[in-house]
Each structure stands twice: as structure tokens, then as C-alpha cells.
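Chemist: When you get a sec, could you give me coordinates for this:
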Amino acid sequence: MVEQLLLMFFSGLTIGCVYAFVALGFVIVYSITRIFNLAAGQFVVLGAFLAITFFELGLPLILSIVLGLVTNCAIAAIIWMLFLHHPYSSAASDWTLLLIVATLAIVFMGAAYIIWGTAPRGLPEFTHFKTVIAGVSMSPQTIWIWGISALAVGGLFFLLDRTTVGKAFRACSMRPLAAMLMGINPNLMAGLSFVLAALLGGIAGVVFAPLTTVNFAMGLGISIKGCLAAMLGGIDKPYGAIVGGLFLGLAESFAGGFVSTEFMEAIALGLLIAILLFRPEGIFGVREEKFCRK
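Modeler: Have a look, this model is predicted:
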């Protein structure tokens with residue numbers, strides 16, 4: 001029984017890392033632009049497919065991953081410049097921006113279907129050593145997912161807290177007008193946030209692809225789960241996104257283990273919605289005072 005509990009815990013922690021990456025992408029984009037980045041999950045799929053394509057062309061695995069991430073970020077930058085820069089800089093309504101992003105997510109899914117088809121694909125595991133933790137045998141890719149997730153999160157917090165770019169991000173998030181008066185370009189920071197979210201999504205895709213297969217239709221589900229995880233932790237709190245993502249992954253794993261794998265996603269998402277009904281601002285969010293309607 002203890003071994004089964006540990007297996008469920010490790011499995012939930014692994015999938016939770018992916019959700020945490022996507023949730024962080026939501027938080028970074030929303031904190032500056034106030035846009036719900038519904039295309040975040042599509043960049044997970046796109047990053048994985050790009051790395052897989054480079055690998056199938058005969059390139060080494062590491063080089064394929066690097067080129068996949070770089071291409072993923074380049075596509076995100078092009079998407080921002082072509083479809084989001086002008087509406088955002090011209091102060092389009094939040095609903096207009098949300099509609100554009102939602103449409104882009106659907107276009108991404110259709111393009112992935114046309115380019116890569118319906119057959120699931122994957123990458124080889126980074127290493128093949130035997131992994132046993134607390135008596136539980138695990139895939140070595142799990143250790144890579146945990147390690148790369150820790151490094152990526154540490155690098156992200158270092159970027160936000162210790163670098164000039166990170167300080168500009170935070171300034172645009174908290175006081176955009178004051179940041180503009182100090183010479184910071186909010187439009188540039190908004191575009192960089194979109195690219196950074198694509199980078200995080202791409203990392204999640206390439207580290208998770210060896211553990212399971214990737215298909216063209218999985219991006220929408222990942223986007224929804226990442227959005228809920230971000231809202232659970234607090235939509236403008238990066239550390240809240242990590243907590244929300246890990247919580248969702250663990251909830252799915254334990255629901256599948258104790259109830260049924262057929263209902264594990266429904267149970268986990270239902271639990272998140274129930275929590276948000278009682279605390280809509282999220283675990284670490286701050287409740288805003290609003291006038292009551294009579």
C-alpha cells in the first residue's frame with residue numbers, strides 16, 4: 001500500500017510539473033497584458049513536435065531539443081508581432097484579445113493536424129539508467145523532468161528578481177504607467193512575456209515527450225488545466241502557479257489510483273472548481289472589494 005501511494009505521489013508530481021510550466025506561462029502573460037493565454041498548451045505540443053521533427057531528420061537529441069525550443073520561441077515572437085502587437089498596443093478590449101488568442105489556439109491545433117497528422121509521436125528517453133526511489137521503480141525520464149523543472153523555475157525566479165529585464169517585467173505588471181515614464185516599453189515587455197511563456201511550454205513538451213506520446217489535440221486540454229492551476233494559486237502569483245500545477249497533478253494521480261483512471265481528470269478539475277467557488281481569487285490571491293448588486 002505504501003509503495004502504491006508513493007507511486008501515485010511520484011506520478012502526480014511528474015505531471016504536475018508540466019501543469020506548473022503552463023500555469024507559469026499563464027501568470028507571466030496575464031500579469032503584464034491581462035490576457036488569458038489560451039494558446040499556452042499549444043506551445044507545449046508545438047515545442048515537442050518541433051524537437052521530434054529535428055530528431056527524425058537525424059540531428060542529435062540535445063541539438064534537436066535546443067533547435068525545437070528556439071524555433072518555438074521564434075514562432076511565438078512572429079505570432080505576437082503579426083496578430084497581437086497592434087491590438088494590444090492600440091488598447092483593444094480584453095474580450096478582443098481573448099478571442100484572438102482562442103482563435104490562434106484553434107489554428108495551431110489544425111496546423112499540427114495537417115503537418116504531423118494524428119499518429120502520436122515521442123522522443124527517446126534522455127538516459128536509460130535504472131531508477132529506484134524509496135523502493136519504487138521509475139522511469140529515468142522522471143528524474144529529468146523533476147531536475148529540469150527545478151532548474152527552469154529557479155532560472156525564471158532569478159530572471160524576475162535579479163535582472164534588469166525581470167525588474168522591467170515586474171514594473172510593467174505593478175505600475176505600467178510609471179514604468180512607461182521611466183523609459184520602459186510595456187509593449188516590448190508584453191511581447192517578451194508571450195515568448196517566455198512559449199519557452200516554458202516548449203520545455204514542458206520536450207521533457208515530457210519521452211515519457212508519453214504527443215498528439216495534435218492535447219494542447220487544448222493542457223491549456224485549460226494550466227489556466228485552472230494558475231487561477232487556483234493566484235492568477236498573478238508565479239509561486240502560486242507552481243503550487244496550483246503540482247496540486248492538480250497530484251489530485252489527478254490520486255483520483256486515478258483511488259477511484260478510476262476514467263474519471264481522474266473530471267474529479268481533479270471538479271475539485272479545483274469547488275475550491276475556486278469558495279476562494280475565487282486563488283490560494284495566494286488577494287480578494288478585490290466589489291460593490292454588491294441588489
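
Chemist: rest of the way, CA atoms for contacts and neighbours
Modeler: Noted.

Chemist: How about residues contacting the helix or strand bottoming out on mean pLDDT in the chain?
Modeler: Among the helical and strand segments of the chain, the one scoring lowest on mean pLDDT, DSSP states H and E is strand 131-133, with a mean of 71. Identification of contacts with strand 131-133 by Cα atoms under 8 Å, 6 or more residues apart in numbering yields 137-140.

Chemist: Among those, name the ones in strands.
Modeler: 137-138 (DSSP state E).

Chemist: Buried ones from the contacts of strand 131-133, can you make that a ChimeraX selection?
Modeler: Only the buried entries of the contacts of strand 131-133 go into this ChimeraX selection, using 16 or more other Cα atoms under 10 Å:
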select :139,140
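
Chemist: Quick check: which of the contacts of strand 131-133 has the minimum pLDDT.
Modeler: When the contacts of strand 131-133 are compared on pLDDT, S137 comes out least confident, at 73.

Chemist: how far away is it from G16?
Modeler: Using Cα to Cα, to the nearest Å, one gets 19 Å for the distance from S137 to G16.

Chemist: okay, G205: pLDDT?
Modeler: 92.

Chemist: That should have said G240, apologies.
Modeler: 87.

Chemist: That one touches C227, doesn't it?
Modeler: No: applying Cα atoms under 8 Å as the test, G240 and C227 come out as separate, 11.9 Å apart.

Chemist: Neighbour count for those two, which is higher?
Modeler: Set side by side, G240 and C227 show more neighbours around C227, with 28 against 25, by other Cα atoms under 10 Å.

Chemist: if I pick that one, what's in contact with it?
Modeler: Going by Cα under 8 Å, 6+ apart, C227 touches 22-23, 26, 36, 38.

Chemist: Save those residues as CSV, and put in neighbour count and distance to G244 too.
Modeler: Listed next are the contacts of C227 as CSV, based on neighbours: other Cα atoms under 10 Å; distance: Cα to Cα, whole Å:
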residue, neighbour count, distance to G244
V22, 38, 11
A23, 39, 8
F26, 33, 12
F36, 23, 16
L38, 25, 17
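
Chemist: Is it possible to get JSON lines of these that adds distance to V107 and secondary structure?
Modeler: Formatted as JSON lines, those follow (distance: Cα to Cα, whole Å; DSSP: H, G, I helix; E, B strand; the rest coil):
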{"residue": "V22", "distance to V107": "19", "secondary structure": "helix"}
{"residue": "A23", "distance to V107": "21", "secondary structure": "helix"}
{"residue": "F26", "distance to V107": "19", "secondary structure": "helix"}
{"residue": "F36", "distance to V107": "17", "secondary structure": "coil"}
{"residue": "L38", "distance to V107": "12", "secondary structure": "coil"}
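
Chemist: which one of those is nearest L160?
Modeler: Taking Cα to Cα as the measure, L160 lies nearest F26 of the contacts of C227, at 15.2 Å.

Chemist: Quick check: nearest residue in space to the closest one, chain neighbours excluded?
Modeler: The shortest distance from F26 to any residue that is not its chain neighbour, by Cα to Cα, 6 or more residues apart in numbering, is 5.7 Å, and that residue is N37.

Chemist: And for A39?
Modeler: Distances taken as Cα to Cα, 6+ apart put A105 closest to A39, at 4.6 Å, once the chain neighbours are dropped.

Chemist: For that neighbour, which residues are in contact?
Modeler: 38-39, 42, 220.

Chemist: Just confirm it is within a helix.
Modeler: Yes: remark: A105 belongs to a helix, assigned using DSSP: H, G, I helix; E, B strand; the rest coil.

Chemist: show me where this protein has helices.
Modeler: Here the chain has its helices, by DSSP state H, at 2-33, 40-56, 61-79, 85-89, 94-116, 140-162, 164-174, 176-181, 186-208, 218-233, 238-258, 264-278.

Chemist: Least reliable of those by average pLDDT, please.
Modeler: Between the helices of the chain, the lowest average pLDDT goes to helix 176-181, which shows a mean of 77.

Chemist: Can you point out the buried residues in it?
Modeler: Taking 16+ other Cα under 10 Å as the neighbour-count basis, helix 176-181 is seen to contain the buried residues 176, 179.
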